[in-house]
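1. pasted the sequence and its predicted model underneath.
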Amino acid sequence: MRRSSLLTLTGLAALMAVAGCDIDKTADGEMPDVDVAFEKGNLPKYEVTKTEEGRLPDVDVDVEGGKLPEFDVDGPDVHVGTKKVEVTVPDVDVDMPDDD
């Protein structure tokens, strides 16, 4: 019980610290150009079959736990491989400002 209270208080303190931050946007960012090759229909297809009905808990003073429905999910077959690729990396020169 003490541990959950401590975790709750820590979470609330972190939330208050983050919510109290004042951030000013100083510059606009830009997303990089990404070239993604794809063909229509390449997204994986999932088959979901409900295997058992669910029910909500009884709402009384003496509450019983509910039961969620069960599902069988058949995902796509995924084949992962590697290939050797040579990548040219540009030279980058950084001019650091003087400490004045």
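-> Sure, I can see it.
2. rest of the way, CA atoms for contacts and neighbours
-> OK.
3. average pLDDT across stretch 90-100?
-> Confidence for stretch 90-100, expressed as mean pLDDT, is 83.
4. how about the strands in this structure?
-> 47-52, 70-74 (DSSP state E).
5. what's the closest non-adjacent residue to residue 47?
-> Nearest non-adjacent residue to residue 47, counting by Cα to Cα, 6 or more residues apart in numbering: residue 74, 5.4 Å away.
6. pull the contacting residues for the one you found.
-> Counting by Cα atoms under 8 Å, 6 or more residues apart in numbering, residue 74 touches 46-48.
7. before we move on, back to that, want to throw the strands of the chain into a markdown table with mean pLDDT?
-> A markdown table is the format used below for these (pLDDT from 0 to 100):
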| stretch | mean pLDDT |
| --- | --- |
| strand 47-52 | 86 |
| strand 70-74 | 84 |
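8. for the ones you listed, which one sits closest to residue 94?
-> strand 70-74 (51.1 Å; Cα to Cα).
9. what are the pairing partners of that closest one, and which direction each?
-> Next to strand 70-74 in the sheet, as set by DSSP bridges, lie strand 47-52 (antiparallel).
10. give me the contacts around the strand it pairs with.
-> 69-75.
11. what's the weakest-modelled helix or strand in the protein?
-> helix 2-19 (a mean of 70; mean pLDDT, DSSP states H and E).
12. what's the neighbour count on the nearest residue to residue 72 once chain neighbours are set aside?
-> Leaving aside its chain neighbours, residue 72 sits nearest to residue 49 (5.5 Å; criterion: Cα to Cα, 6+ apart). Using other Cα atoms under 10 Å, residue 49 has 11 other residues around it.
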